[in-house]
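**Q** Quick check, what structure comes out for this input:
(4 chains)
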There are 2 protein chains.
Amino acid sequence: MKGIRQLADYLDISIGTVSRALNGKADVNPQTRQRVLEAAEKLGYVANQSGRSLRKGSTGVIGFMMQTGPDITGQGDTFFMSVFDGVQSVLSRHDLDLVALLCSSSEDPDAYLQRTVARGFADGIILSATRRNDARFELLDRHKIPFISLGRSLTDVGQPWLDLDFEAMAEISMERFIRAGHTEIGVIWPHGDLNLGHLFIDRCRQVLEAHGLKLAEENVFRARPNEAGGYEVAKEIAARRTRPSAIALVNETLVTGLYKGLEEAGMSPGKDIAIVGRHSPHTQFLSPALTGFNLSLRDLGIGLAEGLLSVMPNYEGAYAPPHHRVWPMTLLEGSSG
Amino acid sequence: MKGIRQLADYLDISIGTVSRALNGKADVNPQTRQRVLEAAEKLGYVANQSGRSLRKGSTGVIGFMMQTGPDITGQGDTFFMSVFDGVQSVLSRHDLDLVALLCSSSEDPDAYLQRTVARGFADGIILSATRRNDARFELLDRHKIPFISLGRSLTDVGQPWLDLDFEAMAEISMERFIRAGHTEIGVIWPHGDLNLGHLFIDRCRQVLEAHGLKLAEENVFRARPNEAGGYEVAKEIAARRTRPSAIALVNETLVTGLYKGLEEAGMSPGKDIAIVGRHSPHTQFLSPALTGFNLSLRDLGIGLAEGLLSVMPNYEGAYAPPHHRVWPMTLLEGSSG
DNA sequence: ATAGTTTCCGTAAACGTTTACGGTCGATGA
DNA sequence: TCATCGACCGTAAACGTTTACGGAAACTAT
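**A** Model prediction:
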């Protein structure tokens, strides 16, 4: 089965009618529509994507841009797969397909996006790994491509975004530590220029200062956003003469290595050092149990999809979530801090 | 910047010449080519994907099909991210782009693939989560779409595949256990119909029988391929009157929960029960250190890409890796078994 | 019976490329 | 000088759809 032409010949009707029948247009005899549908099913005909989107000017695909490589964002497969699933649950209702636009770790993300967007690959884009200053925002704005970002940026072009509530994480973590009597408090700041790091650290600093405390520079640990990064932080802490007695972090991947490193140094979370972090399927089996923030990644995906649709022509009416959305999380009490 | 038309008007030459210049065809004046290139760069022109692939009959994109949802294949958290990176390192040399085709957990994978392949979305496909009998093979074969699968299947249509050496894992694990004097040996078999489970279990059984031992039915633990699944297996083992003294598994995600569950039951890996599994960035921080198989996921991705290219017209000459490739792994000795 | 209306379908243009083909112009060789 | 040739470029067709438009029946109302 090649194209609509063959299908039309097979049915001995015109391609116009076939197309109308397939696309559910009004003026086509129910009986012929039935015939067309059955023949298409039987012959396995599916409209060619290129021809279709060339004519329509839209592709029907939504792209979720992400960077590949092991150590980029500190988010792994399970994070994105869960989010994807939520996104798709919304998009599928509108016959939109989700594909992941994979930017290699060796390619510049801005150039990659420019390339794939200018060629008209997707009707809408979801951005992740949002940087503090993110040129991708301006690029998409310039091209008038609807998009939403998972994460805020200083580069604001009025597009919708959705972000985890890192400020609340900072506040709750810090106040929890302070209430428990900690004065030497440390935080882990993942490498890179992701905005979430800034948001978290800045708010931590504010809260501490509001309580007459200080976030000492040597207590801000920069780390690669993976297990090894956490391990290295633990080693660094262990080597100190004066150690922070509490550590807050936002990255769920780090914490495994952190635990291991502390253990090797004879320190036990919740006993020798307080830890508050973020939960993931992985962290639920740490011991001592992690005190950390949790959220439904699937719901997050749903939020992203709704936010994107709300700025896409043809769908604007149906969805009107808040334009900017700070996503709440719940603290799961463990024994680590 | 709309299309090639505008660019041609701007340069005051014909669209044919512009296209030829952009695509590096021979008969175009070096000087005009230079002009065109500069103008394209300046105006940010990129050829429209739909028009281009409609005319050319190929899209220039390779699709990596995977299923979304929280409990995917039980691969480690950065499994796909790492593999992607390897794949891209090869594809980028040929101006091919990699996208992930995301099949929602609520959609039938076969139907999904049918849909996206028939519409001509990608020039080549990489399959993952290969089932024991996998209809996707026949489908792609019928559509004459080049593809490779990560994982073998009984459904063989002569296409290339690449698979981890689960049989070697079985042999080495079993013989290691036997040499250490174990007689009650158990294995964990992830839920689902992924072929890797069958390959592993069957070979384990063979090896044991060759040594006059048996793989008892109650020592084959079926588990969800995630942390919780491992935890549940541990609980089940702990509840037994007679327990296996050694456990082999292929899934790197399970092991975290398994460790936790054993610990809660007062059992220590390597001491009370021997464990051999698979390594991932996560498992390196388990204690006691896991004895497990390791591999370079990036290289695996490179192998996949090369295997795919070897069956794609236009590239066949350049690559000729083994058509079927069993990927070796190395055993990292820990203290767990 | 005639005019008007509705229902359905065929025709053809358009979307943005790439590329086969032919044409122009200057250079080259006899 | 003329024919030949090569270098370069413009023209137009083609890829597979969707959709605006118009027209042919069939049906309704007068």
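**Q** which residue ranges form the helices in chain A?
**A** Along chain A, counting by DSSP state H, helices occupy A:4-11, A:15-22, A:30-43, A:49-56, A:77-91, A:109-118, A:135-142, A:166-179, A:195-210, A:227-239, A:254-264, A:297-309.
**Q** Need these in JSON lines (columns: mean neighbour count and mean pLDDT).
**A** Heads up, the C-betas are built off the backbone N, CA and C, glycines and all. Listed next are the helices of chain A as JSON lines, based on neighbours: other CB atoms under 10 Å in any protein chain shown; pLDDT from 0 to 100:
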{"stretch": "helix A:4-11", "mean neighbour count": "16", "mean pLDDT": "94"}
{"stretch": "helix A:15-22", "mean neighbour count": "18", "mean pLDDT": "96"}
{"stretch": "helix A:30-43", "mean neighbour count": "14", "mean pLDDT": "94"}
{"stretch": "helix A:49-56", "mean neighbour count": "19", "mean pLDDT": "96"}
{"stretch": "helix A:77-91", "mean neighbour count": "24", "mean pLDDT": "94"}
{"stretch": "helix A:109-118", "mean neighbour count": "18", "mean pLDDT": "94"}
{"stretch": "helix A:135-142", "mean neighbour count": "18", "mean pLDDT": "96"}
{"stretch": "helix A:166-179", "mean neighbour count": "20", "mean pLDDT": "98"}
{"stretch": "helix A:195-210", "mean neighbour count": "19", "mean pLDDT": "97"}
{"stretch": "helix A:227-239", "mean neighbour count": "20", "mean pLDDT": "95"}
{"stretch": "helix A:254-264", "mean neighbour count": "24", "mean pLDDT": "94"}
{"stretch": "helix A:297-309", "mean neighbour count": "24", "mean pLDDT": "97"}
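**Q** Now tabulate these in TSV and tack on distance to DNA strand D.
**A** Converted to TSV, the helices of chain A look like this (distance: least, CB to the nearest atom of the strand, whole Å):
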stretch	distance to DNA strand D
helix A:4-11	3
helix A:15-22	3
helix A:30-43	10
helix A:49-56	3
helix A:77-91	19
helix A:109-118	19
helix A:135-142	24
helix A:166-179	43
helix A:195-210	39
helix A:227-239	48
helix A:254-264	48
helix A:297-309	19
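**Q** Relative to B:Ser58, tell me which of those helices wins on proximity.
**A** helix A:49-56 (9.6 Å; CB to CB).
**Q** before we move on, the earlier item: may I see the helices of chain A organised as TSV, with distance to chain B added?
**A** Output for the helices of chain A, formatted as TSV (distance: least, CB to the nearest CB, whole Å):
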stretch	distance to chain B
helix A:4-11	12
helix A:15-22	12
helix A:30-43	10
helix A:49-56	4
helix A:77-91	4
helix A:109-118	4
helix A:135-142	8
helix A:166-179	21
helix A:195-210	18
helix A:227-239	5
helix A:254-264	4
helix A:297-309	7
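**Q** To B:Ile273, which of those helices lies closest?
**A** Closest approach to B:Ile273 among the helices of chain A (CB to CB): helix A:254-264, 20.6 Å.
**Q** Need the helices of chain A in JSON lines (columns: distance to B:Ile4).
**A** As requested, the helices of chain A are exported to JSON lines (distance: least, CB to CB, whole Å):
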{"stretch": "helix A:4-11", "distance to B:Ile4": "26"}
{"stretch": "helix A:15-22", "distance to B:Ile4": "26"}
{"stretch": "helix A:30-43", "distance to B:Ile4": "33"}
{"stretch": "helix A:49-56", "distance to B:Ile4": "13"}
{"stretch": "helix A:77-91", "distance to B:Ile4": "31"}
{"stretch": "helix A:109-118", "distance to B:Ile4": "12"}
{"stretch": "helix A:135-142", "distance to B:Ile4": "19"}
{"stretch": "helix A:166-179", "distance to B:Ile4": "45"}
{"stretch": "helix A:195-210", "distance to B:Ile4": "37"}
{"stretch": "helix A:227-239", "distance to B:Ile4": "47"}
{"stretch": "helix A:254-264", "distance to B:Ile4": "48"}
{"stretch": "helix A:297-309", "distance to B:Ile4": "29"}
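**Q** right, and those helices - which one's nearest B:Lys2?
**A** Proximity to B:Lys2 (CB to CB) singles out helix A:109-118 among these, at 10.9 Å.
**Q** how about the closest one, does it reach DNA strand C?
**A** No - if you take CB under 7 Å from any atom of the strand as the test, helix A:109-118 misses DNA strand C, and the best it gets is 8.8 Å.
**Q** How about residues contacting that helix?
**A** A:63, A:65, A:67, A:101, A:103-104, A:122, A:125, A:129, A:135-136, A:139-140, A:143, A:145, B:1, B:44-46, B:97 (CB atoms under 8 Å, 6 or more residues apart in numbering or on different chains).
**Q** are any of those residues buried, and which?
**A** Buried subset of those (neighbour count, 16 or more other CB atoms under 10 Å in any protein chain shown): A:63, A:65, A:67, A:101, A:103-104, A:122, A:125, A:129, A:135-136, A:139-140, A:143, A:145, B:45-46, B:97.
**Q** mind listing what A:Ala168 touches?
**A** Neighbour list for A:Ala168: A:Val326, A:Pro328, A:Met329 [criterion: CB under 8 Å, 6+ apart].
**Q** try 10 Å this time
**A** A:Arg203, A:Phe293, A:Val326, A:Trp327, A:Pro328, A:Met329, A:Leu331 (CB atoms under 10 Å, 6 or more residues apart in numbering or on different chains).
**Q** Top of the residues you listed by number of neighbours, please.
**A** Neighbour counts for the contacts of A:Ala168, by other CB atoms under 10 Å in any protein chain shown, peak at A:Phe293, which reaches 23 neighbours.
**Q** ok, that one touching A:Val255?
**A** No - taking CB atoms under 10 Å as the definition, A:Phe293 is not a contact partner of A:Val255, at 11.6 Å.
**Q** Does A:Ser105 touch B:Gly301 like I think?
**A** No - assessed by CB under 10 Å, A:Ser105 is found out of contact with B:Gly301, at 11.7 Å.
**Q** any shared contact partners between those two?
**A** Taking CB under 10 Å, 6+ apart as the contact rule, A:Ser105 and B:Gly301 both touch A:Thr68, B:Met81, B:Ser82, B:Phe84, B:Asp85, B:Gln88, B:Ser89.
**Q** Pick out the most distant pair among these.
**A** Farthest apart among those by CB to CB are B:Met81 and B:Ser89. That separation is 13.3 Å.
**Q** picking up where we left off before, filter the buried ones among the contacts of helix A:109-118 down to the ones close to DNA strand C.
**A** B:Tyr45.
**Q** circling back: so which of the contacts of A:Ala168 are in strands?
**A** Within the contacts of A:Ala168, residues falling in strands by DSSP state E are A:Phe293, A:Val326, A:Trp327, A:Leu331.
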